[in-house]
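1. Just to be clear, the model below is a prediction. Sequence and coordinates:
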Amino acid sequence: MKPPAHACGNAASSAERSNRDVPVLSRLTSALVVAAMTRRVFAEGGFAAILRKGAEEAGAIFILVRIGTGSQVLYGPAAQTSYEEGRPVERRFRQLAEIDDPFDETIEQRMEKERRFDPDLWLVELDGGPSIDDLVAIDRDDSLEN
C-alpha cells in the first residue's frame with residue numbers, strides 16, 4: 001500500500017502524518033470572544049455594550065460589570081502564569097477592582113492608564129444576564145492584585 005501524498009505529490013513521512021493528526025489549537029480572536037459574550041448576555045436578558053473596540057485578533061479584553069446596587073467590578077486578563085498547560089488557548093480573567101460608589105472614578109482612571117499602555121484593548125460593559133463566572137474563566141487566586 002502506498003503512503004498518503006501531500007498536495008505537491010510527495011509521499012508523507014510517518015512523522016509528518018502524525019503531526020497532521022494532532023489538532024492545532026489556536027486562540028479565538030478577541031472580536032469573536034466579545035461577540036459571543038455580548039450575544040449570550042442579551043440572550044439571557046442582560047445588557048452589554050462595547051465601550052472600546054480594540055484589535056480584532058488579539059486585543060486584551062477588559063470587562064466592566066455593573067451591579068444593580070451601583071457597584072462596579074472590573075475584570076482584566078489574568079497573568080500568563082495562570083494558564084493551564086493543557087488549555088493554553090482559553091482566555092482567563094482576574095478581578096482588578098471593585099467599587100461600591102457609582103460616582104467613583106477609580107475604574108475610569110485605571111482604564112485610562114491601561115489605554116495609554118495598550119491602545120488595542122477592548123472594554124465591554126455588562127449589566128444583568130448571566131454571572132461573570134458563567135461567561136468567562138475567572139482566576140480567584142490573584143484577584144485584586146495590581
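-> That came in fine, so what should we check first? Numbering: from 1, shown residues only.
2. Surely Gly59 is in contact with Trp122?
-> Yes. With contact taken as Cβ atoms under 8 Å, Gly59 and Trp122 are classed as touching, separated by 5.1 Å. C-beta here means a position set from N, CA and C on the backbone, and glycine is covered the same way.
3. can you list residues touching both of these two?
-> Ser30 (Cβ atoms under 8 Å, 6 or more residues apart in numbering).
4. Dump the strand ranked longest in the chain to PDB, restricted to CA.
-> Using DSSP state E to assign secondary structure, the strand with the most residues in the chain is strand 92-99. Backbone C-alpha positions of strand 92-99 (Å, rounded to 0.1, in the frame of the first residue of the first chain) are rendered in PDB as follows:
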ATOM      1  CA  ARG A  92      -8.600  33.700  31.600                       C
ATOM      2  CA  PHE A  93      -9.500  36.800  33.600                       C
ATOM      3  CA  ARG A  94      -9.000  38.200  37.100                       C
ATOM      4  CA  GLN A  95     -10.700  40.800  39.200                       C
ATOM      5  CA  LEU A  96      -8.800  44.100  39.100                       C
ATOM      6  CA  ALA A  97     -11.100  46.400  41.100                       C
ATOM      7  CA  GLU A  98     -14.400  46.500  42.900                       C
ATOM      8  CA  ILE A  99     -16.100  49.900  43.600                       C
END
